[in-house]
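Enquirer: Here is a sequence together with a model predicted from it:
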Amino acid sequence: MFIEPNIVVARVVFGGLGMIYVAYGKWKDLWQPKALGFGLMLFPYFVLSSMWLWIIGGILSLAIFIARD
């Protein structure tokens, strides 16, 4: 089975951002960045289209600016 390089790059990028968000949430003791981080790390397992992977990942990545207190 062939996996597109675009999908692999998106999974690495959003997984890395998710880890950063979780670490930031632990450091500041906030649940919103932790939830977004876990969402960023887990959603690529359920999305198979590269277009939707980038769209959903972009929305979740930018949601940190809306979710902060």
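Expert: That came through, no problem.

Enquirer: Tell me who's in contact with Ala63.
Expert: Shown here is Ala63, whose contacts under the criterion C-beta atoms under 8 Å, 6 or more residues apart in numbering are Leu36. To be clear about C-beta, it is placed using only N, CA and C from the backbone, and glycine gets the same treatment.

Enquirer: hmm, try it at 10 Å
Expert: With contact taken as C-beta atoms under 10 Å, 6 or more residues apart in numbering, Ala63 is in contact with 21, 32-33, 35-36, 39-40.

Enquirer: in stretch 61-69, what's buried?
Expert: If you call a residue buried by 16 or more other C-beta atoms under 10 Å, then stretch 61-69 has these buried ones: 61, 63-64.

Enquirer: Which residue in the residues you listed has the weakest pLDDT?
Expert: For the buried residues of stretch 61-69, the least confidently modelled position is Ile64, at 88, judged by pLDDT.

Enquirer: That one touches Tyr24, doesn't it?
Expert: Yes: judged on C-beta atoms under 10 Å, Ile64 makes contact with Tyr24 at a distance of 8.4 Å.

Enquirer: Next, give phi and psi for Leu30.
Expert: The main-chain torsion angles of Leu30 are listed as degrees, to the nearest 10 and equal phi -120, psi 140.

Enquirer: how about the nearest residue to the residue nearest to the spatial centre of the chain, chain neighbours excluded?
Expert: Residue closest to the average C-alpha location in the chain (C-alpha atoms, centre = their mean): Leu40, at 2.2 Å. Counting by C-beta to C-beta, 6 or more residues apart in numbering, the nearest residue to Leu40 once its immediate chain neighbours are dropped is Gly18, at 3.3 Å.

Enquirer: Can you pull out the low-pLDDT segments for the protein?
Expert: With pLDDT under 70 as the threshold, the chain has low-confidence stretches at 1, 69.

Enquirer: could you pull out the helices for it?
Expert: 5-28, 31-42, 50-62, 64-67 (DSSP state H).

Enquirer: so of those, which one's packed in deepest?
Expert: When you average the neighbours per residue for each of those (mean count of other C-beta atoms under 10 Å), helix 31-42 leads with a mean of 18.
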